[in-house]
Structures are given as C-alpha cells and as structure tokens.
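1. Based on what follows, work out the 3D shape:
(one chain, ligands or ions: 2)
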Amino acid sequence: MFRTVLSRLMVIFLAVVMVAMGVQGIMLYNVYKNDTILRTQQYLMEEAHGIAELMGRFLTTQQGKLDLYTYLSVTTRKSQSRVWFVNADGKINLEALPGNQGVQEVASLGVLSDEEQEHYLAPVLAGKEFSMVGNFRGRFTDDTITVACPVYYGRGVIAGAVFVHCQVKELDGAYNNAWKIILLASTFAATLAMILIYMTARSITQPLAEMNLAARDIAKGRFNRKLERTGPDELGQLAESFNIMADELKKQEQTRISFVANVSHELKSPMTSIQGFAQGMVDGTIKPEEHEKYLSIILDETRRLNKLIRELLDLSQFENGNFSLNMTTFDLNELIRRVVIRYLDRMEAQGIEPEIEFRQDYCYVLGDSDRIEQVLVNLLDNAIKFTPEGGQIRIWTHNSQDKVLVSISDSGAGISEADLPFIFDRFYKVDKAHTDKKGTGLGLAIVKSILEQHGESIQVSSKLGAGTTFAFTLKRAEKPSRDESKKISSKNE
Ligand code: ATP
Ligand code: MG
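-> Ligands and ions are numbered 1, 2, ... in the order given. The predicted model follows:
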C-alpha cells in the first residue's frame, strides 16, 4: 500500500496530527462547556437574587407585582429558563416559563416531593443558596442547571425559595460554535502541517532517491555521478560518504584495469621472444651453432616469467590476507651476511665493494625470516641494479630500545622527488624506457606489503644522482636460549 517512504511518512504524520488535533479539540470543547455552564450558573444566580428581592418585597408589601412579572418574563426569555417560587411547605406557588406561556400563579402547580424538599428546599429554607447540574431527582428528562436562593418575608423570615432552571441543551448553540471554531482551526493547522510535512519528507526522500539512482550507476561501472551535499545533517554526511565511496571504487577499478594491462605487458615481451627464438630454431632460421645462445636467452626469459608469476602470487596472497607469517626469533646480522655473500659475485663484477656496519654483534629480531630475506634481497638487488660501476653500497643495523633499525643505501642513480611517492606502487618503474631488462616494478610493492604484515614500515630518502637510502624497522627480540629452537610461530594478525 505504502510503496514510498514519502507516502508512509505523510500518512503517519497526518494520523499523528489528526489524533493530536482530536484530543486537543475534545479537551477544548470540555473546558469551554464547563466554563459556559459555570458562567450560566453565575448569571442565573444573579437573576434569582433579583427575583427573590422583588418577590420578597411583594410578599411583604403586596406591591410591585408588575415589576416582578416584568422581571420574570425578561429573565425567562433571555435565558430560556423556568422560574419557580416554592413556599416553605414545598408547594410551587408560581411558575414562570419562557415565551408566550408567561407566568402561572395557580394552586395546582404541584408540590415538591419529600426527597426534593429534603435535598433542595431544606438548605434554602435554612438560608443557603445552591446551584447544581442534573435532572432534579428525575423530575426533568434532560440535564438542567438549577440555582436557588431564599425569599425573605418581612424581617429575616424565609417565606420560600426561588428556583431557576435552565436546560443545558439551551447552551448548545455556544458549544456548536466552539466546535465550528475548533474544526476550522484544526483544518487550517492540519493543512499547514501537511504542507510542511510534505516539504520536509521530500527533502529527506529526494536525496535518498538520488542515492538510489547513483548506486545503480555505480553497480553498472559508472563512477562519475556526484551527489550534491544537501546540508550539514546526516543526509549531507551520507551524500559525502557516498561520493568518497564512489571515488574509492573508481580508483580501485582504475588500479584493476592498469594492473591487468601491466601484467599483460610484462608477460607479452618474454613470451614474444621465447616464441620467436623457438620458432627460429624449429624452422631453421636460427642455425644449429647459434642454438645454445638463443636457448640461454629463452632460459633467461622463462626465469623472468617465473619470477613475475611468483611475485604476482605473493602480492595476491598479501592482498587477500590468506597467508600466515612464520614468526621466529633470528639474528638479522647473520641473515644480512648470507644475502650479501649471495650477491658478492655480482657486486664484484660491477666493482662495488659493500660496506657493512653492525653496531652490535647480534641483532635478534622477531619476524618471518624467509619474508625478511625477500625484503633484503629486493632492496640489495635494487641497490646493485641502480648503482653504476665503482659505486658504493652500505648496509647498517642498529638495536634501539624495542626495535632494530636497518638501512641499505647506495651511491647510485637516485630517484627524483616526483617519482619518490610512487616507487612502492605495483609496476612502477622510474626508467620506463629500459625496464624490460631491469625488472617488473613489483619488488618494492612486495617489500612494503611484507613489512606492513609485520606491523612495520619502510622509508626512503633519495637525491637524484647522489644515491638512495631505504630504512625499515623490525621488532627487537631477546637472544634465544640454546635449547629454544626457532619455533615461535604465530598467525598474522
Ligand atoms: P623488480 O624488483 O620487480 O624486479 P624493479 O626493481 O624495477 O623490478 P622495484 O624494486 O619495485 O622494481 O622498484 C621500483 C622502481 O624504483 C625501480 O624501477 C627504480 O626505478 C626505482 N628504484 C628502486 N630502488 C632504487 C634504487 N636503489 N636506486 C634508484 N632507483 C631505485
Ligand atoms: Mg626491485
């Protein structure tokens, strides 16, 4: 039934407004009715006093009957009431009715019942006045306002009582007017409320509808749609978060696209040369005496491919988070020594003599030694790769309070300030022209991921033409006791 939030809000708000108006109307009506009855009682009592005074004078002096009758007919007509004079025995001696019926003064007007006398006449004969709303002990069929006051005869003798009765329904005109006013005010207020509610509800639902459309666009890969920030409220914040989300998704999509393009590119050149040389050997274009040369090129290319695939697998594992670090305590100095020895030949060939400075003999750290070895290999490989013949490479470790600092610096080509922020990105290579011989640009991305998995970070500082320094930290560990083997293993958090 209520398919839109707008219609639901409108109906709920309208129901609330109606109920509120209804309750308020009933309360106002009752207050108004009670007030009217009270004021009528006061007015009737004043009239009763006037009649009682004229009646008393007439009874005492047998004069002023005309005044009394005139007063009676004016009072009864004005207030549509009925007036009795009841004597001390409970007999109704006189009755004045509104309209043409006028004043009746006969013996047969009736007597108040014992009950009526006891409840209504006796107090007045005792000198009290009273007013009430009711049916006068069943005498009247409708609710009636009755007021009564004593009539004095001569000096202080109470001759009887004046009763003035007025049916409550005679006041209905006043209530109906009240109803009309209340109804009119309620309709006006409800209409105004509906307009305001509609505007407010629309200001909520319109941005939501736009977000809905934008979400569908994003689902279809269209990330450019921007939402307008409507204000500082929750909806405005939601629109802003939505835009940030769209930007992030766009970035991720672009990264994915460029990743696929990069991978294809990196795969293409080795595959092309492998295919070309193999084809040449098969169809005899390459002479048999040259086969060995080309086979070694093919071997190099397959090694490159293997390295690329291994690195891609590593990266995808890091990103999926479905791998665990094999945490052990090991001597980092020892690991560095082993890695450097592995690269000694290459460095020697380039006329580079490594300078190693260990501030302490041992440097125990907590980490995954295989992965840290991967970090060192990548950094040392870069240093050798990007340092010209006769350059220098310096490796340095230092124990601080709870960390071990490692730095690997070279006197090589250096990296420009413009390239520096991107070198940890996947496939980023500064020297794009000669890249295919030097690497794939994944090494530093892997280094960064491994250190992040360890809860550590890596910094780089470089000056074009003057060299580069990479520095990272690891958690320091105590030297393990003899029998304590490398067995501290924990899952990556
Ligand atoms: P891979 O490591 O995958 O074989 P790569 O060495 O080119 O390839 P990274 O190790 O990620 O890739 O390095 C990214 C880029 O940063 C390099 O291509 C190089 O331009 C620059 N770079 C990294 N280390 C150095 C360094 N020590 N001196 C100068 N430039 C460097
Ligand atoms: Mg590298």
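2. all contacts plus neighbour counts: C-alpha atoms, from now on.
-> Fine.
3. Name the residue of the stretch 251-400 of the chain that lies nearest to ligand 2.
-> Using C-alpha to the ion, the closest approach of the stretch 251-400 of the chain to ligand 2 is made by residue 382 at 4.7 Å.
4. Distance check, that residue against residue 470.
-> As defined by C-alpha to C-alpha, to the nearest Å, residue 382 lies at a distance of 10 Å from residue 470.
5. Over to residue 95?
-> As judged by C-alpha to C-alpha, residue 95 and residue 470 stand 119 Å apart.
6. Those two - which one has more neighbours?
-> Comparing residue 95 with residue 470 by other C-alpha atoms under 10 Å, the one with more neighbours is residue 95, at 21 against 18.
7. so what does the longest helix seen in the chain touch, helix or strand wise?
-> Secondary structure of the chain read by DSSP state H shows that its longest helix is helix 5-61. Where contact means 3 or more C-alpha pairs under 8 Å, 6 or more residues apart in numbering; DSSP states H and E, helix 5-61 is packed against helix 65-79, strand 144-153, strand 157-167, helix 172-219.
8. any idea of the pLDDT on the residue in the stretch 51-200 of the chain that ligand 2 sits nearest to?
-> With C-alpha to the ion as the measure, the residue in the stretch 51-200 of the chain that lies nearest ligand 2 is residue 200; the distance is 59.0 Å. Looking at residue 200, its pLDDT stands at 86.
9. what does the one 5 residues further on give?
-> At residue 205 the predicted local distance difference test score is 85.
10. What sits closest to the closest residue to ligand 2 within the chain if chain neighbours are left out?
-> Closest approach between the chain and ligand 2, counting by C-alpha to the ion: residue 443, at 4.2 Å. Distances taken as C-alpha to C-alpha, 6 or more residues apart in numbering put residue 378 closest to residue 443, at 5.8 Å, once the chain neighbours are dropped.
11. for the stretch 201-350 of the chain, what spans make up the strands?
-> Along the stretch 201-350 of the chain, the segments classed as strands by DSSP state E, counting those that start in this stretch run 328-331.
12. can you give me the helices for it?
-> In the stretch 201-350 of the chain, helices defined by DSSP state H, counting those that start in this stretch lie at 234-283, 291-320, 332-349, listed in chain order.
13. Name the residues of the protein found near ligand 1, please.
-> Within the chain, the positions lying close to ligand 1 (C-alpha under 6 Å from any ligand atom) are 382-383, 386, 412-415, 423, 428-431, 438-445, 468.
14. Mind checking which of the residues you listed land in helices?
-> Cross-referencing the residues of the chain next to ligand 1 with the helices (criterion: DSSP H) gives 382-383, 438, 443-445 as the overlap.
15. Which of those has the largest number of neighbours?
-> Of those, residue 383 is surrounded by the most neighbours, 27 neighbours in total, counting by other C-alpha under 10 Å.
16. circling back to that earlier point, tell me the pLDDT of the residue of the chain closest to ligand 2.
-> pLDDT for residue 443: 92.
17. so what's the backbone phi/psi at residue 131?
-> Here is the backbone geometry of residue 131 (degrees, to the nearest 10): phi -140, psi 150.
18. In space, what's closest to it - neighbours in sequence excluded?
-> For residue 131, ignoring the flanking residues on the chain, the nearest one in space by C-alpha to C-alpha, 6+ apart is residue 147 at 4.1 Å.
19. so who does that neighbour touch?
-> The contact partners of residue 147, taken as C-alpha atoms under 8 Å, 6 or more residues apart in numbering, are 41, 44-45, 48, 129-132, 163-165.
20. is it in a bridge, and if so with what?
-> residue 131, residue 164 (DSSP bridges).
21. How confident was the prediction at it?
-> We note a pLDDT of 96 for residue 147 in this prediction.
22. Check the stretch 101-250 of the chain for the residue nearest ligand 1 and tell me.
-> Nearest residue of the stretch 101-250 of the chain to ligand 1, counting by C-alpha to the nearest ligand atom: residue 248, 23.5 Å away.
23. Tell me, how many residues neighbour that residue?
-> Residues contacting residue 248 under the criterion other C-alpha under 10 Å number 13.
24. who's in contact with the residue nearest to residue 87 when sequence neighbours are not counted?
-> For residue 87, the nearest residue in space outside its immediate sequence neighbours is residue 160; the separation is 4.1 Å by C-alpha to C-alpha, 6+ apart. For residue 160, the contacting residues are 85-88, 124-125, 150-152, taking C-alpha under 8 Å, 6+ apart as the criterion.
25. and residue 160, how far is that from residue 75?
-> Residue 160 is 19 Å from residue 75, where distance means C-alpha to C-alpha.
26. Quick check: residues of the stretch 301-450 of the chain near ligand 2?
-> Proximity of the stretch 301-450 of the chain to ligand 2 is assessed by C-alpha under 5 Å from the ion, with 382, 443 identified as the residues in range.
27. change it to 6 Å
-> Contact residues of the stretch 301-450 of the chain with respect to ligand 2, defined by C-alpha under 6 Å from the ion, are listed as 378, 382, 443-444.
28. Please dump those residues into TSV; it should also carry distance to residue 224 for every row.
-> Conversion of those to TSV gives the following (distance: C-alpha to C-alpha, whole Å):
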residue	distance to residue 224
378	38
382	39
443	33
444	32
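29. Tell me the one of those nearest residue 33?
-> When those are ranked by distance to residue 33 (C-alpha to C-alpha), residue 444 comes first, at 88.0 Å.
30. how near is that closest one to residue 315?
-> Using C-alpha to C-alpha, residue 444 is found at 11 Å from residue 315.
31. ok, now residue 72?
-> Looking at residue 72 against residue 315, where the rule is C-alpha to C-alpha, the gap reads 110 Å.
32. pLDDT below threshold where in this protein?
-> 1-2, 100-102, 106-108, 174-176, 432-438, 482-493 (pLDDT under 70).
33. The same query, at a cut-off of 80, please.
-> In the prediction, the chain carries residues with pLDDT under 80 at positions 1-6, 99-109, 155, 171-179, 229-231, 319-323, 431-439, 480-493.
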